[in-house]
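# pasted the sequence and its predicted model underneath.
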Amino acid sequence: MTENILREADNDVTIEGVLSENKLDYKTTAEGKDYISGDILVETSEGNIVPVNFFSFAVKKDGGPNRIYNNLKNVVDNYKSIAKHSRESADKIRITGATLEANEFYNAAGNLISTFRVRSNFINRVTGDFAPKADFAVEVYVQSLTEEVKDDVPTGRYLIKGVVPGYNGRVHLLTFFVENPKAIEYVKQNYSVGDTVKLAGKLSNEIIEVNRTEEMEFGDDIITTFTRIKRELIADKGSKPYDEGDKFSAELIKQAMVERDVDLKTKQEKAMQQASPAGAGFAASDDVPF
C-alpha cells in the first residue's frame with residue numbers, strides 16, 4: 001500500500017442477551033459538559049456475562065441534541081436488569097455496531113494490566129426473535145503465533161497475538177485463542193508473522209469460583225472463596241492471509257506501535273504519581289475517552 005495513513009480495521013461485535021446489570025450513570029466534566037458513561041453487563045449464556053462500555057455527551061459538537069445520549073438516557077431510566085429487578089422481568093437486549101479494543105492500564109505498583117473490552121453506542125430491546133450471542137469479526141495484523149503453555153505443559157490451544165488498527169491510527173494488541181485441532185493445523189501451515197487476516201469467533205467471560213485455603217496449626221483451616229473473570233477471545237473462524245495489496249503496512253504498524261509505547265509510558269508515570277505519597281491527594285480526571 002502506498003498510503004501513509006494506517007487504515008482502520010474492520011472490527012464488528014454483536015452482543016445479544018439478557019440485561020444482567022446496568023452500570024451507566026449521568027456525569028459532568030470539569031467544564032460542565034453533561035455525559036453518560038459506564039458499562040452494560042449482558043448475560044449471553046449461563047456463566048457468560050459480557051461487559052460493554054458506552055459513552056456519549058448530551059450535546060454534539062454543533063450544539064444540537066445527541067441522539068446517542070438520548071438513547072442511553074432511556075436505558076438508564078427505563079431498562080430493567082436482573083440485578084435490580086428479576087430474571088423474569090429483565091430486558092432482552094441487542095448491542096450492535098460494537099468494536100473490540102485493548103484495555104491497558106497500570107496498577108499502583110507500575111505493572112501493566114492488559115485485557116480487552118467492547119465499546120458501542122447502539123443498544124435496543126429485542127422485540128422479535130431472540131438469539132443470545134457474543135460474536136466478533138475483526139481484521140488482525142499477526143504479531144506472533146505460539147502454542148499456549150501453562151506450568152510448562154502445552155494446553156492444546158494455539159495463540160494468535162495480533163495488532164488491530166483502530167480510529168485515528170491507534171493500535172490495539174489483542175490475543176486470540178484457537179481451540180479446534182483442524183483450525184490450529186491450518187493456522188500453523190498458512191499463517192505467518194506480518195500477515196493480515198480476519199478472525200471471527202466468540203467472546204468468553206467465564207466467571208470462575210476459586211477457593212483459597214489458609215492452613216491453621218489448630219482448628220479448621222480458613223477457606224476463602226472469591227470469584228474472578230476469565231476473559232478470552234475464542235477464534236473459531238479465520239480467513240486466508242490477505243493479498244499483498246490488502247495487507248496492513250508493516251511500516252505503519254511499527255510507527256503506530258512506537259506511539260502506543262509513548263502513550264503507555266505516560267500512563268505508567270501518571271499511575272506511579274497517583275500511588276506515591278506526594279500524589280495521594282491527586283484527583284483522577286473525568287473518564288472522558290478523549
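Perfect, thanks for sending it. Numbers count the residues shown, from 1 in each chain.
# where does the prediction get shaky in the stretch 1-150 of the chain?
1-3 (pLDDT under 70).
# one more time with 50, if that's ok
1-2 (pLDDT under 50).
# which parts of it are strands?
Applying DSSP state E, counting those that start in this stretch to the stretch 1-150 of the chain gives strands spanning 11-22, 25-28, 34-45, 48-57, 92-106, 112-119, 122-125, 133-150.
# how about the longest one: buried residues?
Same thing as strand 133-150. Residues of strand 133-150 classed as buried by neighbour count (16 or more other Cβ atoms under 10 Å): 134, 135, 136, 137, 138, 139, 140, 141, 142, 143, 145. Glycine gets a C-beta too; all of them are placed from N, C-alpha and C.
# quick one, it and strand 92-106 angle?
For strand 133-150 against strand 92-106, the angle by axes from the mean of the first three to the mean of the last three Cα atoms, to 10 degrees is 40 degrees.
# try the third one
Angle between the axes of strand 34-45 and strand 92-106 is 110 degrees (criterion: the same axes, to 10 degrees).
# packing partners for strand 34-45?
strand 11-22, strand 25-28, strand 48-57, helix 67-78, strand 92-106, strand 133-150 (3 or more Cβ pairs under 8 Å, 6 or more residues apart in numbering; DSSP states H and E).
# let's see that with 10 Å instead.
strand 11-22, strand 25-28, strand 48-57, helix 67-78, strand 92-106, strand 112-119, strand 133-150, strand 196-214 (3 or more Cβ pairs under 10 Å, 6 or more residues apart in numbering; DSSP states H and E).
# who does it pair up with?
Take DSSP bridges as the rule and strand 34-45 pairs in its sheet with strand 11-22 (antiparallel), strand 25-28 (antiparallel), strand 48-57 (antiparallel).
# among these, which is nearest residue 91?
strand 11-22 (4.7 Å; Cβ to Cβ).
# what pLDDT does residue 278 get?
Residue 278 is assigned 54 on the pLDDT scale.
# can you count the residues close to residue 236?
Number of residues near residue 236 (other Cβ atoms under 10 Å) recorded here: 15.
# nearest to residue 240 among the strands paired with strand 34-45 would be which one?
Smallest distance to residue 240 across the strands paired with strand 34-45 (Cβ to Cβ): 19.2 Å, for strand 11-22.
# now the angle between strand 196-214 and that closest one, please.
Using the same axes, to 10 degrees, strand 11-22 lies at 30 degrees relative to strand 196-214.
# relative orientation of strand 11-22 and helix 67-78 in degrees?
Relative orientation of strand 11-22 versus helix 67-78 (the same axes, to 10 degrees): 30 degrees.
# CA atoms only: put strand 11-22 into CSV for me.
Taking Å, rounded to 0.1, in the frame of the first residue of the first chain, the C-alpha atoms of strand 11-22 are listed here in CSV:
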residue,chain,number,x,y,z
ASN,A,11,-14.0,-4.6,13.6
ASP,A,12,-17.5,-5.7,14.4
VAL,A,13,-19.0,-7.1,17.6
THR,A,14,-22.6,-8.2,18.1
ILE,A,15,-24.0,-8.9,21.6
GLU,A,16,-27.4,-10.3,22.3
GLY,A,17,-28.7,-11.5,25.7
VAL,A,18,-30.4,-10.6,29.0
LEU,A,19,-29.5,-7.3,30.7
SER,A,20,-27.7,-8.6,33.8
GLU,A,21,-26.6,-5.2,35.3
ASN,A,22,-26.8,-1.6,34.2
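# mind checking how far it is from the chain centre?
12 Å (Cα atoms, centre = their mean, to the nearest Å).
# may I see the buried residues of that strand?
In terms of neighbour count (16+ other Cβ under 10 Å), strand 11-22 has its buried residues at 11, 12, 13, 14, 15, 16, 17, 18, 19, 20, 21, 22.
# what does stretch 154-161 give?
So for stretch 154-161, counting by 16+ other Cβ under 10 Å, buried means 157, 158, 159, 160.
# what about the stretch 151-290 of the chain, any weak spots by pLDDT?
For the stretch 151-290 of the chain, the stretches with pLDDT under 50 are 280-286, 289-290.
# again, 80 this time
Where the stretch 151-290 of the chain drops to pLDDT under 80, the residues are 206-210, 226-229, 267-290.
# phi, psi of the residue lying closest to residue 179 once chain neighbours are set aside?
Excluding the flanking residues, the one nearest residue 179 by Cβ to Cβ, 6 or more residues apart in numbering is residue 157, at 5.3 Å. Phi and psi for residue 157, reported as degrees, to the nearest 10, are phi -100, psi 160.
# doesn't residue 236 make contact with residue 157?
No. In this structure, residue 157 is not within contact of residue 236 by Cβ atoms under 10 Å, at 11.8 Å.
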